[in-house]
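Participant: Attaching a predicted model along with its sequence, questions to come.
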Amino acid sequence: MNLVKDNNYATISITQIMNQAHITRTYFYQFFDNKQALAQEAFFSLIKTVFDNLSDAIINTKKINRQNTLNAVTFMLEHKSEMLLLISFQSKDFNFQTEFQDRISTIIRQQINSANNQSPQNLDYFANVFAASMMATISWFLQRDNVNATTVVNLIDSCVSKGMASIIE
């Protein structure tokens, strides 16, 4: 994150990352194939807290838990600058938002499938809609300075309670 704050992402080298983190090249490649993989994991580790707070409440009750959602949105506010940096990473071989959306869709599909039996079409559709909605909400929220956490919680509650949850009923 320190490197990205001071440099263009495209110009950052693996050597710079290794020097900043005080690790060897071998150690870096034990965990990541390239810097895009590192960026993905960095964002996913930040957003995992948000995701964990939302997914169980939505899947188990088909309605959001307002306190968990507020915790998730507050976490996003606290890490806004890092998330904005990470969400902006794109290259010709790497579309961060598509990659992350696919990852969330897979996780949701697994959670719903283990929680209750859904038709494959409903399950696939809900997982993709949920993932796209989550990415759109995160992106929308991070790019606005005048939106508070309560407003976002209300929007999410309305969307889930009145719309998306009906897909898996």
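Facilitator: Here it is on my side, so go on. Everything numeric here is computed off the predicted structure, so don't read it as measured data.
Participant: residue closest to the middle of the chain?
Facilitator: residue 47 (4.4 Å; Cα atoms, centre = their mean).
Participant: where does the protein have its least confident helix or strand?
Facilitator: In the chain, the helix or strand scored least confidently by mean pLDDT, DSSP states H and E is strand 90-91, which has a mean of 66.
Participant: For this structure, which residues score under the pLDDT cut-off?
Facilitator: 53-64, 89-94, 113-118, 160-169 (pLDDT under 70).
Participant: ok, residues contacting the host helix or strand of residue 18?
Facilitator: Residue 18 is part of helix 14-21, with elements assigned from DSSP states H and E. Applying Cβ atoms under 8 Å, 6 or more residues apart in numbering, the contact partners of helix 14-21 are 2, 3, 7, 24, 25, 28, 34, 35, 38. Placement of C-beta: from N, CA and C, glycine included.
Participant: Enumerate every residue touching residue 44.
Facilitator: Counting by Cβ under 8 Å, 6+ apart, residue 44 touches 100, 103.
Participant: 6 Å instead, please
Facilitator: Residue 44 sits next to no residue when contact means Cβ atoms under 6 Å, 6 or more residues apart in numbering.
Participant: how about the contacts of helix 14-21 in TSV, adding neighbour count and secondary structure?
Facilitator: Converted to TSV, those look like this (neighbours: other Cβ atoms under 10 Å; DSSP: H, G, I helix; E, B strand; the rest coil):
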residue	neighbour count	secondary structure
2	8	helix
3	17	helix
7	12	coil
24	10	coil
25	11	helix
28	18	helix
34	13	coil
35	20	helix
38	18	helix
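Participant: Kindly reformat those as JSON lines containing distance to residue 151.
Facilitator: Putting these into JSON lines (distance: Cβ to Cβ, whole Å) gives the following:
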{"residue": "2", "distance to residue 151": "32"}
{"residue": "3", "distance to residue 151": "33"}
{"residue": "7", "distance to residue 151": "34"}
{"residue": "24", "distance to residue 151": "46"}
{"residue": "25", "distance to residue 151": "46"}
{"residue": "28", "distance to residue 151": "40"}
{"residue": "34", "distance to residue 151": "38"}
{"residue": "35", "distance to residue 151": "35"}
{"residue": "38", "distance to residue 151": "33"}
